[in-house]
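Undergrad: what would the 3D arrangement of this be:
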Amino acid sequence: FEITVSDPHKIGDAMSAHVVYKVHTKTSQPGFDSEEYSVRRRYRDFEWLFNQLASTHPGVVIPPMPEKQSLGRFQDDFVESRRFALEKYLRKISVHSLLQADDDFKIFLTSENFTIETRVRRPETSRGFFGVFGEVMSGSFSKYSETDEWFENRKDQLDALESQLRSLLKAIDTTIKQRKELAVAHGEFGQALRALGEAEASPQLARSFEIFSELQDHLRQLQERQASFDVKTFESTTDEYIRTIGSIKLTLTARVKAYQVWQADAAELHRKTSSYDRLRNQTRFRTDRTSQLQAEIGQLEIQTENHRHEFEDISTLIRAELERFDREKVLDFKESAEQFLSSMVDHQQKVIRLWEAYL
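TA: Residues are numbered from 1 along each chain as shown. Prediction:
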């Protein structure tokens, strides 16, 4: 797959305004009628895809969506940041061995009648990242005491990692804010120098002020570009992994729910077995009732065993997903750090060349 999200533009009136994006896909995967597709999608379409994938693939860590935002959602910086995050979201799905062949993913990438097709498909049984995350945080799920030490340790590690990443994101945001403020200061300094030069009687001094003003404008542009690049490297990766941890926690709730279903069946099986034993021990018992209980117990035994296997399969899948998370985390942060450091070196070299040219 080669997927790009581009050309964001606002459509609709004040009450229904939203941003649509062009999703362009090139693929050589089997099952596609063409090698290239280009469709228009809005944010809620991306969210629909997340919900469908989470419903279809319990135990899989679905790549996280960028967060919703009401205020400033049409500002250029925010739209570009969301476009970039949505593109990474689709690319992560496209390289996942289980998700890349999903029918809903194919529909999302290719359908020209997306709204109609999504209406006739199965209902969204999952409330997705934001709906279920609210339930997790509010404690809507029944209490669950972890009995597997491996999962207990991983939960503690994830909580610690999330805390560390949030601290890092705060520091990165402060750095970007300071860089933007410095860009503004260079711009204001340049404007003041230009005004001073225009008021200067000496042509030679006026020219010096003009050149100094141009230098400040170049420095402003450099700071703005560096701030923008910082957003797309370190900040983007850090924010993405904070959201990925949220997605992992949602995946863990699928395991909890599978366990609760299994245990509910086991409890019901125990209750019916006890009823059957009591009935058998009575001097007079109804044959029709014992036959009914036997049938129900047989069905429950199969159902309980199936749900036990479901729980074990989801647990195994989550273990593999968390191992994949660990590998990708190292690679993604290594790449972001290298890009960040390379851009900083390049930035400083350009600053030095500007000052050398001026002097």
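Undergrad: tell me where this structure has helices.
TA: 43-56, 76-94, 103-110, 114-120, 128-138, 149-199, 203-230, 236-281, 287-358 (DSSP state H).
Undergrad: between those, which gets nearest to His9?
TA: With Cβ to Cβ, the closest approach to His9 among these belongs to helix 76-94: 8.9 Å. Any C-beta I mention is one placed from the backbone N, CA and C, and that applies to glycine too.
Undergrad: counting contacts, what elements does the closest one pack onto?
TA: Other helices and strands packing on helix 76-94, by 3 or more Cβ pairs under 8 Å, 6 or more residues apart in numbering; DSSP states H and E, are strand 2-11, strand 18-26, helix 43-56, helix 103-110, helix 236-281.
Undergrad: of these, which is nearest Glu35?
TA: Nearest of those (Cβ to Cβ): strand 18-26, 6.3 Å.
Undergrad: from Ser228, how far out is Gln100?
TA: From Gln100 over to Ser228 the distance is 31 Å, taken as Cβ to Cβ, to the nearest Å.
Undergrad: one step back: the helices of the chain: lowest mean pLDDT?
TA: Note on the helices of the chain: helix 128-138 shows the lowest mean pLDDT, a mean of 47.
Undergrad: columns distance to His24 and mean neighbour count on top of the helices of the chain, output as a markdown table?
TA: Shown next, in a markdown table, are the helices of the chain (distance: least, Cβ to Cβ, whole Å; neighbours: other Cβ atoms under 10 Å):
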| stretch | distance to His24 | mean neighbour count |
| --- | --- | --- |
| helix 43-56 | 15 | 20 |
| helix 76-94 | 10 | 18 |
| helix 103-110 | 9 | 19 |
| helix 114-120 | 15 | 12 |
| helix 128-138 | 24 | 15 |
| helix 149-199 | 29 | 14 |
| helix 203-230 | 23 | 17 |
| helix 236-281 | 20 | 18 |
| helix 287-358 | 23 | 14 |
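Undergrad: can you lay out the ones you listed as TSV showing distance to Lys68?
TA: Converted to TSV, the helices of the chain look like this (distance: least, Cβ to Cβ, whole Å):
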stretch	distance to Lys68
helix 43-56	8
helix 76-94	10
helix 103-110	19
helix 114-120	19
helix 128-138	7
helix 149-199	18
helix 203-230	23
helix 236-281	12
helix 287-358	23
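Undergrad: among those, which is nearest Pro66?
TA: helix 76-94 (3.7 Å).
Undergrad: residues in contact with Gln223?
TA: Counting by Cβ atoms under 8 Å, 6 or more residues apart in numbering, Gln223 touches 179-180, 182-183, 186.
Undergrad: could you check how far it is from Asp148?
TA: Distance from Gln223 to Asp148, by Cβ to Cβ: 50 Å.
Undergrad: what's the distance between the closest residue to His347 other than its chain neighbours and Asn281?
TA: Nearest residue to His347 in three dimensions, chain neighbours excluded: Gln226, at 4.9 Å (Cβ to Cβ, 6 or more residues apart in numbering). Between Gln226 and Asn281 the distance is 81 Å, computed by Cβ to Cβ.
Undergrad: what does Glu162 give?
TA: For Glu162 relative to Asn281 (Cβ to Cβ), the value is 55 Å.
Undergrad: go on, Asp45?
TA: Counting by Cβ to Cβ - Asp45 and Asn281 are separated by 61 Å.
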